[in-house]
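Colleague: build me a structure from this.
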Amino acid sequence: MPEKKKLQGPVLKSRPEGLVLKSRPEGPVLKSRPEGPVLKSRPEGFLPKYRVLDLANEKGAYCGKLLADLGAEVIKVEPPCGDKMRLRGPFFKNEVHPEKSLFFLYFNTSKGSITLDIENPAGKEIFIKLVKTADVVVESFPVGYLRSLGLDYPKLKKINPKLVLTSITPYGQKGPLSGYKAEDINIFAMSGYMQLVGEPDQAPLVLGGEQTFYPGSQYAAVGTMAALFYRDNVSKKGQHVDVSMQEAMISYWQEQTPVPMWQKTQENNTRVGAMDAMVTPCGLYPCKDGWISLCVVTPQEWDALSQWIYEVTGNAEVLKDEYKGGLISRMPVRDMVNVLVMEFTDKLTGREIFLEGQKRKVVVMPVNDVPSLVNDTQLGSRNFWVTLDHPVVGKLKYPKGALYSDAIGAPARAAPLLGEDNERIYCGELKYSKEDLAVLRTTGVI
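Modeller: Presented below is the predicted three-dimensional model:
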C-alpha cells in the first residue's frame, strides 16, 4: 500500500464539465453488471488494448465511443457527482436519473467509468499516475483549461512521452477564435453549412441532432489512431492531435461546392429547401401517409415516371414533349413538373410508391420514421441493431455502426454506471486500499 498522503478539501465548483449536484446521486447499489467485471470479457476488436482516458464532454464523447467500440479500453473520467451528460434528456421512461439518460447511454457504449476531480491537488496527482500508463487522453475543455491545471501537452509528454493527447474544441488550439465558446448552432453557422439548409425564401436552419458533434469526433478518432500507428511504427513518441469542430464541419458540405462556386461567380450557394436546385424532379414529396424522396436524372427515368403518373392521375399533361429529356431539360418548367409529381404522390402511400418504383426502375424511397428503421429488413439483414443489457434500464437496441463485421465497430457493452471501475482501477492497479478509497470519496477527490 502506498504511503498515505495528505488529502485535499472539497471539490472545486468551477470545473467546466461538472454537474450542478452537491452530492452523489441516489440510486440502486449495483456491485456488478450483468456481464461481469467491466472490459475483462470483451472480445478482441480492431484496435489493440490501448488505454484511453476520456475527459470529453458531449462535443467529443463520440470520439471515445468510436475508439471503445473498435476495441480500445476507454475509461471515462467523470467528476465525483457525474458527467453532466448523465442529466441530459431524453430519459428512459421519462424518469430523470443519472443512469437513465438515453443521450449518455448512446455516447458511452463500451466504456468504463471512474470518478476523479482533477482540479483537486490529490485528484490531479492520481490523474498523473493514470497518465503514466495511458496511451491516449481525449479532452474537449476550453483552450487553456488543462494548462491552468499544469496538465497541458508539454507537461503530459514529460510524464509519458508516448502519450497521444487529442483535443476537440470549437475552433482549435490556435487562432483569434480559439478562446471562444460555441455550441452546435454556433459551429453550424460558423462552418457555413447553415446557409445551405432551409427554404430559399426563409431563414437558415440548423440540422437536428447536434450534427456538428460528429465530424469533429470522427476526425479526432481517426487522428488518434493515426498518431498511435505513427508512434508504434515510426517515432516511438506521442503527439498532440488538435481538432477544430468548425474545420471538420466545413469538410462535410463539399457536395454543394460552395467555394468553387464563389471563386467562379462571386455568388453564395444558398438554400434550396426540399427540392434540388439542379435536378427536376428531385426532392421530398408528400404522399398519403407521409413523405417520399424521389430523384429523376436520365431521360429513361423520366419516361418511366411520366407514364406512371399518367396511369395514376389520368393527366396527359405530363406526357408532353416539353417535359422530356435529362435533368437540365426540365429546369424551365420545374414548378409545373413538381405540381404534376405532387398530384401523383398524394394519391399513394409511401410503400406503394416504393415497391412500384423499384419495378419501374425509378429512384424513390420513403422517408423513414423510427419504427420503420427498427423494423427495416435491410438493416436487420446486416445485424445493424445490437441489444445491450444495462443494470438500470435493462435491454435496449443500439445502432452497431456502418462497418459490416461482427468483430469490428460494434458496441460490446452498455454505458457504465457512475464510478463502476473505481475499485478496479484505484485498488487493483494503483494499489490504494478500500480505506483509502473511502477517504478519497469523503473528501470529494473521487
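
Colleague: okay, CA-based contacts and neighbour counts for the rest of this
Modeller: Noted.

Colleague: quick one: contacts for the residue located most distally from the centre of the chain?
Modeller: In terms of distance from the mean C-alpha position of the chain, residue 316 ranks first, at 48.3 Å (Cα atoms, centre = their mean). With contact taken as Cα atoms under 8 Å, 6 or more residues apart in numbering, residue 316 is in contact with residue 310.

Colleague: check what pLDDT it gets.
Modeller: The model reports residue 316 with a pLDDT of 95.

Colleague: measure it to residue 333 for me?
Modeller: 16 Å (Cα to Cα, to the nearest Å).

Colleague: same thing with residue 137?
Modeller: Per Cα to Cα, residue 137 is found 57 Å from residue 333.

Colleague: the more surrounded of these two?
Modeller: residue 137 (24 against 12; other Cα atoms under 10 Å).

Colleague: that older thread, quick one, phi psi at the residue farthest from the centre of the chain?
Modeller: Backbone torsions for residue 316, taken as degrees, to the nearest 10, come to phi -70, psi -10.

Colleague: same check on residue 300?
Modeller: Here is the backbone geometry of residue 300 (degrees, to the nearest 10): phi -70, psi -40.

Colleague: how about residue 364?
Modeller: Torsion angles, degrees, to the nearest 10, at residue 364: phi -140, psi 140.

Colleague: thought it was touching residue 287?
Modeller: No. The criterion here is Cα atoms under 8 Å, and residue 364 misses it with residue 287 at 12.0 Å.

Colleague: residue 118 contacts residue 129, correct?
Modeller: No. Assessed by Cα under 8 Å, residue 118 is found out of contact with residue 129, at 11.7 Å.

Colleague: which one of these two has more residues nearby?
Modeller: For residue 118 versus residue 129, the count of surrounding residues by other Cα under 10 Å is larger for residue 118: 25 against 14.

Colleague: skip the chain neighbours and tell me the closest residue to the more buried one.
Modeller: The shortest distance from residue 118 to any residue other than its chain neighbours is 4.5 Å, reached at residue 124 (Cα to Cα, 6 or more residues apart in numbering).

Colleague: where along the stretch 51-200 of the chain do the helices fall?
Modeller: Assigned by DSSP state H, counting those that start in this stretch, the stretch 51-200 of the chain shows helices spanning 61-69, 102-107, 121-132, 145-148, 153-159, 184-190.

Colleague: winner for burial among these?
Modeller: Sort the helices of the stretch 51-200 of the chain by mean neighbour count, taking mean count of other Cα atoms under 10 Å, and helix 61-69 sits at the top with a mean of 27.

Colleague: contacts for that helix?
Modeller: 45, 47, 52, 54, 74, 107-111, 138, 213-214, 217-218, 220-221, 408-412.

Colleague: hey, C-alpha coordinates of it in CSV?
Modeller: Extracted in CSV, the C-alpha atoms of helix 61-69 (Å, rounded to 0.1, in the frame of the first residue of the first chain):
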residue,chain,number,x,y,z
ALA,A,61,-17.9,11.9,-26.5
TYR,A,62,-18.4,10.2,-29.9
CYS,A,63,-14.7,10.0,-30.3
GLY,A,64,-14.3,7.9,-27.2
LYS,A,65,-17.3,5.8,-28.2
LEU,A,66,-15.8,5.0,-31.6
LEU,A,67,-12.4,4.0,-30.1
ALA,A,68,-14.2,1.9,-27.4
ASP,A,69,-16.5,0.2,-29.9
